[in-house]
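Undergrad: coords please:
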Amino acid sequence: MVVKLSPGEVAAAGRSSGSESDVASLMEFKNAITQDPLAVLHNWKHRLHFCNWTGIRCNTEKWRVVTLHLKNMSLQGVLPPQLGNLSFLHYLDLSFNRIGGPIPSALGRLSRLNFLYLHANLLEGSFTHSLGNLRNLQVLTSWANRHTGSISTALGNCSMLRVIDLSDNDLEGTIPSQIGSLTKLEVLHLDNNRISGEIPTSVLNCTELRNLSLFNNSLSGVIPSEMGIKISKLEYLILPKIISAGRFPNHWEIARGFLGLNWRGMN
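TA: As a prediction, the model looks like this:
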């Protein structure tokens, strides 16, 4: 159960060694924010119980931070590695801010994390392989940033992933075959990058896939045969023009609920 604390509950909650660690991690995050024009972190002070700080939610069993939600708060700064010490964190949303720098590898220690929203910031660098340690992660969005490098093969270890959106970056390399290990994946958006090569046939293992968008990349080859049969839940497929449909349309008659096959972007 996740709550905000009443004054009486604040007195009862107290501080454990674990919650003291959470407070220290949150203060490191606050210190890493160089501009807070909306003063959303103004009440992040020791005189107020940290479970009542803006954007924070705690559980009532161990009084540990489970949610850090500061979406669209005009925050500017970087992500400190100490965020990786919020070991009970389930939900992290820092989207629509002006947070820059790399994603610290320490985030790979957030073993309970289910939702990671980092999109629409100024984040740079490659995706750390340590994110592959997030075995409970269900949603990963980091679109509209400045990421470079290749898509980490370690993401194939995140077997609970349902949504990956890394569009509008500067990613290169190929789509890793390990994407086929994500059998719960429903949404994969990699459009507006510099990804090359072919769509791996392992994507046919992603039988829950509903939305696949890969346009404005340097992909080539043909759509994997039998996609319309094995990924029968697919509703939207948006590809670069250079990719050939191959035998795809013949199979697609079997797919249910298909709403759109579009070619966009690079010729």
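Undergrad: where do the helices sit along the stretch 1-150 of the chain?
TA: 7-13, 17-32 (DSSP state H, counting those that start in this stretch).
Undergrad: among the ones you listed, where is the model least confident on average?
TA: For these, mean pLDDT drops lowest on helix 7-13, to a mean of 49.
Undergrad: ok, now which ones touch the nearest residue to Gly100 once chain neighbours are set aside?
TA: Computed as CB to CB, 6 or more residues apart in numbering, the closest residue to Gly100 that is not its neighbour in sequence is Leu122, at 3.9 Å. From N, CA and C alone the C-beta is placed, and that goes for glycine too. By CB atoms under 8 Å, 6 or more residues apart in numbering, the contact set of Leu122 is Arg98, Ile99, Gly100, Asn145, Arg146.
Undergrad: the fourth one contacts Leu123, correct?
TA: Yes: the criterion here is CB atoms under 8 Å, and Asn145 meets it with Leu123 at 4.1 Å.
Undergrad: for the stretch 1-150 of the chain, which spans come out with low pLDDT?
TA: Residue ranges of the stretch 1-150 of the chain with pLDDT under 70: 1-17.
Undergrad: 50 instead?
TA: 1-3, 7-8, 10-12 (pLDDT under 50).
Undergrad: could I get the pLDDT score of Ile254?
TA: You'll see Ile254 listed with a pLDDT of 40.
Undergrad: tell me where the stretch 151-267 of the chain has strands.
TA: 163-165, 187-189, 196-197, 211-213, 218-219, 236-240, 260-264 (DSSP state E, counting those that start in this stretch).
Undergrad: adding mean neighbour count, write the ones you listed out as CSV.
TA: Converted to CSV, the strands of the stretch 151-267 of the chain look like this (neighbours: other CB atoms under 10 Å):
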stretch, mean neighbour count
strand 163-165, 20
strand 187-189, 20
strand 196-197, 14
strand 211-213, 20
strand 218-219, 18
strand 236-240, 20
strand 260-264, 14
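Undergrad: okay, now Ser232: neighbour count?
TA: Residues contacting Ser232 under the criterion other CB atoms under 10 Å number 16.
Undergrad: against Ser213, how distant is it?
TA: For Ser232, the distance to Ser213 (CB to CB, to the nearest Å) stands at 18 Å.
Undergrad: cool, and Ile231?
TA: From Ile231 to Ser213 the distance is 14 Å (CB to CB).
Undergrad: same check on Gly101?
TA: Going from Gly101 to Ser213 by CB to CB gives 27 Å.
Undergrad: what's near enough to touch Ala144?
TA: His119, Ala120, Asn121, Ser167, Asp168, Asn169.
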